[in-house]
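Undergrad: the following block contains a protein sequence and its predicted model.
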Amino acid sequence: RSREDPMFSVWFCFLFYRFRPERWYWGSILMLRSCAVALTPVIRPGSGSSQLLLLLCTLNVALALQCAFSPWRTRSMNALEVCCLVTLNFAAAACVAFVDQSEDQGGIAVFAMAVVLLCGLGFGAALGNGVV
C-alpha cells in the first residue's frame with residue numbers, strides 16, 4: 001500500500017501520529033536509541049568506565065539529533081525530550097564517582113575529561129538550538 005491510501009494512515013497511525021509528517025521515520029530512531037542503551041552493559045561487561053562512556057555517547061548523539069531535527073509535533077514536546085536527555089546525561093556523568101578506579105589507573109583522568117566534554121557538548125547543542 002502507498003502512503004497516499006487513506007486506509008494506510010488509519011492502519012499505521014500509531015507509528016506516525018506523534019511526529020511531524022516530514023519526520024515520520026523518527027519512531028525507528030527512538031527504537032535504535034533504546035536498543036543502544038539496552039545493549040550498553042553487554043558491550044564491555046567488565047569495564048564500568050567503557051559502559052558509561054558508551055552510554056554518554058549514545059545519549060549525546062540522541063540529543064544532537066533531537067536538537068537538529070525537532071521531530072515532535074509540538075515545541076513543548078521537543079523541549080521536554082531535550083530536557084530529559086540533558087538530565088540523563090548529567091545523571092550518567094554523576095556516576096563517574098562510582099566507577100571502580102582499580103580497573104584503569106591511568107585512564108580515569110582522561111575518562112573524566114571525556115565525560116565532562118560530552119556533557120558540555122550535549123548541553124551546548126541544546127542551548128544552541130534554543131530549546132533549553
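TA: Cool, the structure landed.

Undergrad: where does pLDDT dip in this protein?
TA: Residues of the chain meeting the criterion pLDDT under 70: 1-4, 8-17, 101-113, 115-116, 119, 122-132.

Undergrad: would you map the helices across it?
TA: With DSSP state H as the criterion, the chain has helices at 6-11, 13-16, 26-43, 48-69, 75-94, 108-128.

Undergrad: so which of those is nearest Asp100?
TA: helix 48-69 (5.8 Å; C-beta to C-beta). (Glycine included, C-beta is placed from N, CA and C.)

Undergrad: give me the angle between that closest one and helix 75-94.
TA: 160 degrees (axes from the mean of the first three to the mean of the last three C-alpha atoms, to 10 degrees).

Undergrad: can you pull the buried residues of helix 48-69?
TA: 48-56, 58-60, 62-67 (16 or more other C-beta atoms under 10 Å).

Undergrad: looking at the helices of the chain, which is buried most?
TA: helix 48-69 (a mean of 20; mean count of other C-beta atoms under 10 Å).

Undergrad: tell me which strands and helices that one is in contact with?
TA: On a contact count with 3 or more C-beta pairs under 8 Å, 6 or more residues apart in numbering; DSSP states H and E, helix 48-69 meets helix 26-43, helix 75-94, helix 108-128.
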